[in-house]
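>>> Got a predicted structure here, sequence first:
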Amino acid sequence: MALGTLIVFAVLGLVVAGSAIGMLVSRNAIYAALFLVLNFITVGVLYLILGAPFISFAQVAIYAGSIMVLFVFVIMLLGAEQLPVQEPLRGQRWIGLLAGVLFLLEAGAFFYLRTSAPRWAAEIGFGFESPVVVGRMLIEKYLLPFEITGFLLLIAVVGAIFLARLDTPVKGTGLGRHAQIGERKE
Amino acid sequence: MPLMYYLGLSAFMFTIGILGVLLRRNPLVVFMALELMFNAANLAFVAFAAFHKVLDGEIFVFFVITTAAAEVAIGLALIIAIFRTKHSVDIDQMSELKG
């Protein structure tokens, strides 16, 4: 293995791990969101190294772009960036840490007790996993799941608008959930 | 790069995500930790796809990303609705349905 590849992977891996830990320990939700953006972009670079440009740009555009903008917007809208000071979940913290350590130990045990040696990923040829191939596969082999995903997004948009709309009726229209319920009761 | 490095990084990210879900009490941060776990699974998917030269893994990552987008939209709308009624986003106070 080329030393350069290892150095690049080590730097990217350190950034991924560090930003994940930063998201976990930062007290301010805005900082957590920004750490998560850094994490997503770095994982997108890892996807590029793995030869998946389509997924990489989808990751940066959808995850690091729109989803995190939504998160930051809601955090600022609710003013929920500061965490409450009191921490009544004493036991849960230790259980969570114990579960995490157990999971890492299991991963380590799997790594050291495996029966086959780790293999190297072969060099990825040009043209493999290009966006053309991915798109062709998406609308030929996976056409039905693709359509179902579109329908799911439509349901999510309608549901989000329904859940997040204001309860107070808009003047003159008589719309609004509570207004209608109140009228029905009377 | 060996496949094992990518899987190790993915497992580490998943562990951090589990810890975030269990330890943090701000529901927005819990959501972010969920996204981190999605991301870890996606990294494992793409690494396996590149290793075995099978494109289906990447297609699944695409589906996971779109499903996560839908889930975030619904979840944040729910958090906003809960905030409107309870004027708080502490996850410990969301226990109205407890028997």
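Received the coordinates, thanks.
>>> Would you map the helices across chain A?
In order along the chain, chain A carries the following helices (DSSP state H): A:3-25, A:29-49, A:53-58, A:68-78, A:90-112, A:131-140, A:143-164, A:177-185.
>>> Could you list the buried residues of the first one?
Of the residues in helix A:3-25, those with enough neighbours to count as buried (16 or more other CB atoms under 10 Å in any protein chain shown) are A:9, A:12-13, A:15-17, A:19-24. C-beta coordinates here come from the backbone N, C-alpha and C atoms, glycine included.
>>> Tell me what angle it forms with helix A:29-49.
Inter-element angle recorded for helix A:3-25 and helix A:29-49: 160 degrees (by axes from the mean of the first three to the mean of the last three CA atoms, to 10 degrees).
>>> Equivalent analysis for the fourth one, please.
Following the same axes, to 10 degrees, one obtains 180 degrees for the angle between helix A:68-78 and helix A:29-49.
>>> Which positions within helix A:68-78 qualify as buried?
Buried positions in helix A:68-78, judged by neighbour count with 16+ other CB under 10 Å: A:68, A:70-72, A:74-75, A:78.
>>> Confidence-wise, which of those comes last?
Taking pLDDT as the measure, the buried residues of helix A:68-78 have their low point at A:L78 (81).
>>> Export the buried residues of helix A:68-78 to JSON lines and append columns for distance to chain B.
As requested, these are arranged in JSON lines below (distance: CB to the nearest CB, whole Å):
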{"residue": "A:M68", "distance to chain B": "9"}
{"residue": "A:L70", "distance to chain B": "6"}
{"residue": "A:F71", "distance to chain B": "7"}
{"residue": "A:V72", "distance to chain B": "10"}
{"residue": "A:V74", "distance to chain B": "5"}
{"residue": "A:I75", "distance to chain B": "6"}
{"residue": "A:L78", "distance to chain B": "5"}
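>>> Residue nearest the middle of chain A, spatially speaking?
When chain A is reduced to its mean C-alpha position, the closest residue under CA atoms, centre = their mean turns out to be A:Y63, at 6.0 Å.
>>> Could you find the closest non-adjacent residue to it?
Of all residues not flanking A:Y63 in the chain, A:F40 sits nearest, at 4.5 Å (CB to CB, 6 or more residues apart in numbering or on different chains).
>>> B:L36 contacts B:G20, doesn't it?
Yes. Using CB atoms under 8 Å, B:L36 makes contact with B:G20 at a distance of 6.6 Å.
>>> where do the contact lists of those two overlap?
Where contact means CB atoms under 8 Å, 6 or more residues apart in numbering or on different chains, the residues bridging B:L36 and B:G20 through contact with each are A:M23.
>>> Now do the same contact list for residue 37.
Unless you meant another one, I'm taking chain A. When the contact criterion is CB under 8 Å, 6+ apart, the partners of A:V37 are A:64, A:68.
>>> that's the other chain; I wanted chain B
B:M37 makes contacts with B:13-14, B:17-18, B:21, as judged by CB under 8 Å, 6+ apart.
>>> Contacting chain A as well, which ones from those residues?
Counting by CB under 8 Å from any CB of the partner chain, the subset of those that neighbours chain A consists of B:13-14, B:17-18.
>>> need those in TSV with neighbour count and pLDDT, can you?
As requested, the ones next to chain A among the contacts of B:M37 are arranged in TSV below (neighbours: other CB atoms under 10 Å in any protein chain shown; pLDDT from 0 to 100):
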residue	neighbour count	pLDDT
B:M13	26	92
B:F14	22	91
B:G17	25	91
B:I18	19	88
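>>> Having no further points to raise, I will conclude here.
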